[in-house]
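# Just the structure for this:
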Amino acid sequence: MTNEPRVKTLLRGPALNEAVRTYIKQYILDHGLSGGDALPPETQLAQDLGVSRSSIREAIKALQSLGIVEVRHGNGLFVREYNFDPILETLSYGMRFDSTALVELVQIRIWLEAAVVEEAVRRINPHDVAQLELIMQEWAERAAQDLSCADLDRQFHGTLYASLENQTLVKLLEVFWIAFDRFDVDSFHPPQPLVTFEQHRAILDAIKAGDPGLTRQRLIQHFDHLQEKVRLVTEFAEVV
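Okay, here's the model as predicted:
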């Protein structure tokens, strides 16, 4: 790194911070680094850039918040795995002040799943169908005891789309689930595990019948339950 261009020492404040961040991001690209790869230590970065260690730390903190870099105490700096953490944080925070953001997030999820589910049904393999059956078996047992099945709901959708082999889609769907958890939607509308079981049972029956169109129809219908929950959340938010 000693031959790399140094950051202009005349820069101060936000301009210096941005210059250091830009340098580190470009270093990652130029050296072909990926998630889990180590970055040079703070002392080396400071020396190579001709800036103080405090300037490096400030830039690292900013890159951490963007989900680009992670600090492993005692081990150093590393490139983070590709993630949606910044989007998630923005959504979770914004929904606290604007309940319409939650409504829009649900609509985006419906559009997204409705757009890909038919292709997922065409590609799904017997192993994934068997996994969906196992999920439904446990769901039936829990529903009979009126126990929460939120984790099974999450597993069902994740397993359904596994056949698409698209990790960005999987991560994006995870954003929706985590955002709903953080907003604690179920606290406004008690879970109805038997209702959601029956809805997903109908979806799985359509999948097993090899009918992508019917699967899509039943998937969209089952979202009515979620939209009702969100409606109650937004009504409560308007009152308070």
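# Any idea which helix or strand in the protein has the lowest mean pLDDT?
helix 85-95 (a mean of 69; mean pLDDT, DSSP states H and E).
# Heading C-terminal from that one, find the next helix or strand.
helix 100-123 (DSSP states H and E).
# what packs against that next one?
Contacting helix 100-123 under the criterion 3 or more C-beta pairs under 8 Å, 6 or more residues apart in numbering; DSSP states H and E are the following elements: helix 85-95, helix 150-161, helix 167-183, helix 212-239. Just so you know, the C-beta spots here come from the backbone N, C-alpha and C atoms, and that holds for glycine as well.
# quick check: mean pLDDT across it?
Mean pLDDT, computed over helix 100-123, is 91.
# I'd like the helices and strands packed on helix 100-123 as TSV, with mean neighbour count and distance to Tyr27 appended.
Compiled in TSV, the helices and strands packed on helix 100-123 are given as follows (neighbours: other C-beta atoms under 10 Å; distance: least, C-beta to C-beta, whole Å):
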stretch	mean neighbour count	distance to Tyr27
helix 85-95	16	20
helix 150-161	19	34
helix 167-183	16	24
helix 212-239	16	43
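# Now do the most centrally placed residue in the chain against Val195, distance only.
Nearest to the geometric centre of the chain sits Val175, at 2.7 Å (C-alpha atoms, centre = their mean). Going from Val175 to Val195 by C-beta to C-beta, to the nearest Å gives 25 Å.
# likewise Gln64?
In terms of C-beta to C-beta, Gln64 sits 41 Å off from Val195.
# Of these two, give the one with the bigger neighbour count.
Gln64 (15 against 12; other C-beta atoms under 10 Å).
# sec struct for that one, please.
helix (DSSP: H, G, I helix; E, B strand; the rest coil).
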